[in-house]
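Asker: Return atomic coordinates for the entry below.
(2 chains)
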Protein chains: 2
Amino acid sequence: MAEHVTIVEVGPRDGLQNEPTAVPVEVRIELVRQLAQAGLRSIEVGSFVSPRRIPQMAGTAELLRSLPRFDEVIYGVLVPNEQGALEAVELPIQELAVFASASETFSQRNINCSIDESLDRFLPVMELAQARSIPVRGYVSCVLGCPYEGKVSVRSVVDVSRRLSALGCREISLGDTIGIGTPREASAMVRAAAAELPIDSLAVHFHDTRGQALANILACLDDGVRTIDSSVAGLGGCPYAPGASGNVATEDLVYMLDGLGMETGIDVSAVAAAGDFISRHLGRATASKVARALAVSAKQHSAL
Amino acid sequence: MAEHVTIVEVGPRDGLQNEPTAVPVEVRIELVRQLAQAGLRSIEVGSFVSPRRIPQMAGTAELLRSLPRFDEVIYGVLVPNEQGALEAVELPIQELAVFASASETFSQRNINCSIDESLDRFLPVMELAQARSIPVRGYVSCVLGCPYEGKVSVRSVVDVSRRLSALGCREISLGDTIGIGTPREASAMVRAAAAELPIDSLAVHFHDTRGQALANILACLDDGVRTIDSSVAGLGGCPYAPGASGNVATEDLVYMLDGLGMETGIDVSAVAAAGDFISRHLGRATASKVARALAVSAKQHSAL
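Answerer: The predicted structure is shown next:
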């Protein structure tokens, strides 16, 4: 029997929040609908952050109220604090997510508080979630490097992961936020985390800033990781702008997993169609190489 | 001691021959010079094919006569037949390459003869090379799939590889011409070849058409392959055109190998500078993600 891999689609949140222009709620709804129909069963659809700070995520409440329901599809939202969680739990969601960092400086600059303070801030979120039996996902950023500090110790990654788990997070997503890691480092980091937390509570989250994402994922699959974050069309950074740093494209990940004989329940062509839909809206070509290849007939390929 | 990996830079040949417009010889010379100075020790600089059929490779003789010499740098050229070899061996070259296919239909369509006929055609090339003590590299195309036939059997790949080796090729480069393979398939193919030929006579050559190249290379490194073809700036297909299918970018490969603790002798920043040079000439951004990331300061990276 083929091994199952769960893909957590983060395009509608981590992807679109990093696009230079805000996408209207009705377009975000259609994107999520297409992703769910393509077979994705875990989709992070938005966040409850300040619309002044991140206008791309404004309207997440309206989005949740309007989203079509699919059996077994988990809609998740990111909440930075109790205020966000209070809003979120009144809406039809199946998961909350909180966001911490393995780097002290990144935590200060990104969410304006220390790592300790961020974990304190999550306490009321966890209590709210527990009271409603809503599972919580914990993100750990900068797991293979920090834009301010450079190297980040594996010890720090494991500590923050363990603390999020102790707070009640059912899953920890280990994020190479700046896409700087390579397979051996990714593997060492995952193994260290797996030495203290169950491997099936760990997810990996790679940005493809230096083209290493799929190779890193391959290494983490070898270590037993079976939950992987990705973003349709590689959303999260314009591929034509310097410094593009989108997430690994869901299409390219599903293609690799299909080839590895792993089962995801996801139709790669349907994901590519969803990627085409949102890329057209954004006015650019998809960053997924599989999606580009699907658009071309075999005979057009040039010789070696 | 760090393990050594040899990178065979194929950008000036396999890359530029697939670019829509021909690059002047003086620009090709400057590109090769920059690549050699970046530490690349094996560079395929051109081919002796019909300039009517492949105008991008016209002037390879002039290029070879004008190239600066660097200690330990091997300049190689592709020759399709005896006529090309006769021309090449009179010039300052250190390697010849011949090109066969694991797919019968691709052989017919790409070089207008059967696999058997192509190997016969290489006989006088091999004799000429042996008489001059020039090593010959043998390419095998379509090792993981063919644009016309679809699946290509591992048996066929191994047969053609063995026959090229028997003809006297000192190295066999196994090419996923259409960039269709995934790591498990790549690994199975390489292991089958390594069961009949010495592993250090095998190279791998991946196009990144579906974004799988680095993951495939990682799998092949695990199998013991230590020679890898790549192309500066991912030359070989415009990244902004549908159906782009350039080679894996040398910069992205070197970055991964550095992270794996493998030694290449290559300075990734200098390769990126060479990639910037040729990309500017071609009027487009580099397809190397590492090169793009190098161009951006750490502080501009967006948060997870």
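Asker: Tell me how far residue A:82 lies from chain B.
Answerer: According to CB to the nearest CB, to the nearest Å, residue A:82 stands 21 Å off from chain B. C-betas here are computed from N, CA, C, even on glycine.
Asker: Remind me which helix or strand the closest residue to that residue other than its chain neighbours belongs to.
Answerer: With sequence-adjacent residues excluded and distances taken as CB to CB, 6 or more residues apart in numbering or on different chains, residue A:82 is closest to residue A:124, at 4.0 Å. Residue A:124 belongs to helix A:115-131 when elements are defined using DSSP states H and E.
Asker: Same question for that helix: list its buried residues.
Answerer: Neighbour-count burial for helix A:115-131 flags A:115, A:118-119, A:121-122, A:125-126, A:128-129 (criterion: 16 or more other CB atoms under 10 Å in any protein chain shown).
Asker: one step back: just checking, the residue nearest to residue A:82 touches residue A:83?
Answerer: No: under the criterion of CB atoms under 8 Å, residue A:124 makes no contact with residue A:83, lying 9.4 Å away.
Asker: did I read that right, residue A:7 in a strand?
Answerer: Yes: Residue A:7: assigned to a strand according to DSSP: H, G, I helix; E, B strand; the rest coil.
Asker: Does it touch residue A:253 like I think?
Answerer: Yes: at 6.5 Å, residue A:7 and residue A:253 qualify as touching, with contact defined as CB under 8 Å.
Asker: which neighbours do the two share?
Answerer: A:228, A:230 (CB atoms under 8 Å, 6 or more residues apart in numbering or on different chains).
Asker: quick one: which of the two has more around it?
Answerer: A direct count of neighbours by other CB atoms under 10 Å in any protein chain shown for residue A:7 and residue A:253 places residue A:253 higher, at 29 against 23.
Asker: what's the closest non-adjacent residue to that one?
Answerer: residue A:230 (4.6 Å).
Asker: do the same with residue A:259
Answerer: Excluding the flanking residues, the one nearest residue A:259 by CB to CB, 6+ apart is residue B:182, at 2.5 Å.
Asker: ok, the one you found - contacts?
Answerer: Shown in contact with residue B:182 (CB under 8 Å, 6+ apart): A:255-256, A:258-260, B:212, B:215-216.
Asker: hmm, try it at 10 Å
Answerer: A:214, A:218, A:255-261, B:144, B:176, B:210, B:212, B:215-216, B:219 (CB atoms under 10 Å, 6 or more residues apart in numbering or on different chains).
Asker: which stretches of chain A aren't confidently modelled?
Answerer: For chain A, the stretches flagged by pLDDT under 70 are A:1, A:237-244, A:297-304.
Asker: any chance you could map the strands in chain A?
Answerer: A:6-9, A:42-47, A:74-78, A:95-101, A:136-141, A:171-176, A:202-206, A:227-230 (DSSP state E).
Asker: thinking again about what came up before, now flag whichever of the buried residues of helix A:115-131 is closest to chain B.
Answerer: Closest to chain B out of those is residue A:118 (13.1 Å), distances taken as CB to the nearest CB.
Asker: Just give the number of residues close to residue A:21.
Answerer: 10.
Asker: So it is in contact with residue A:27, correct?
Answerer: No: taking CB atoms under 10 Å as the definition, residue A:21 is not a contact partner of residue A:27, at 11.2 Å.
Asker: anything in contact with each of these two?
Answerer: Residues within reach of residue A:21 and of residue A:27 at once, by CB under 10 Å, 6+ apart, are A:281-282.
Asker: Pull the contacting residues for residue A:165.
Answerer: By CB under 10 Å, 6+ apart, the neighbours of residue A:165 are A:138, A:171-172, A:193, A:196-198, A:201-202.
Asker: ugh, typo on my part, it should be residue A:229
Answerer: Here residue A:229 is in contact with A:6-11, A:14, A:42, A:44, A:137, A:139, A:173-175, A:203-207, A:217, A:247-248, A:250, A:253, B:304 (CB under 10 Å, 6+ apart).
Asker: Could you do residue A:71 as well?
Answerer: Counting by CB under 10 Å, 6+ apart, residue A:71 touches A:36, A:41.
Asker: For it, give its distance to chain B.
Answerer: Distance of residue A:71 to chain B, computed by CB to the nearest CB: 30 Å.
Asker: I'd like to know how far that residue sits from residue A:142.
Answerer: To residue A:142, residue A:71 is 36 Å away according to CB to CB, to the nearest Å.
Asker: which ones are touching the closest residue to residue A:194 other than its chain neighbours?
Answerer: Excluding its sequence neighbours, the residue lying closest to residue A:194 (CB to CB, 6+ apart) is residue A:202, at 6.3 Å. Going by CB under 10 Å, 6+ apart, residue A:202 touches A:140, A:161, A:165, A:171-174, A:190, A:193-194, A:220, A:223-227.
Asker: just the buried members of those residues?
Answerer: Members of the contacts of residue A:202 classed as buried by 16+ other CB under 10 Å are A:140, A:161, A:165, A:171-174, A:190, A:193-194, A:220, A:223, A:225-227.
Asker: Next, count neighbours for the residue nearest to residue A:61 when sequence neighbours are not counted.
Answerer: Leaving aside its sequence neighbours, residue A:61 sits nearest to residue A:91 (CB to CB, 6+ apart; 6.0 Å). A total of 16 residues lie near residue A:91 under the criterion other CB under 10 Å.
Asker: Same question for the one 5 residues further on.
Answerer: Number of residues near residue A:96 (other CB under 10 Å) recorded here: 26.
Asker: before we move on, back to that, please report how far the residue nearest to residue A:194 lies from residue A:228.
Answerer: For residue A:202, the distance to residue A:228 - CB to CB - is 10 Å.
Asker: Now do the shared contacts for the two.
Answerer: A:173, A:220.
Asker: mind listing what the closest residue to chain B within the stretch 201-304 of chain A touches?
Answerer: Ranking the residues of the stretch 201-304 of chain A by distance to chain B (CB to the nearest CB) places residue A:259 first, at 2.5 Å. Contacts for residue A:259 (CB under 10 Å, 6+ apart) come out as B:144, B:180-186, B:210, B:212, B:215-216.
Asker: now, among those, which is nearest to residue A:276?
Answerer: Nearest to residue A:276 out of these is residue B:210 (CB to CB; 15.9 Å).
Asker: List the contacts of the residue nearest to that closest one when sequence neighbours are not counted.
Answerer: Spatial nearest neighbour of residue B:210, chain neighbours left out: residue A:290 (4.7 Å); criterion: CB to CB, 6+ apart. Applying CB under 10 Å, 6+ apart to residue A:290 gives the contacts A:249-256, A:258, A:268-269, A:271-272, A:275, B:179, B:209-212.
Asker: Right, I'll call it a day here.
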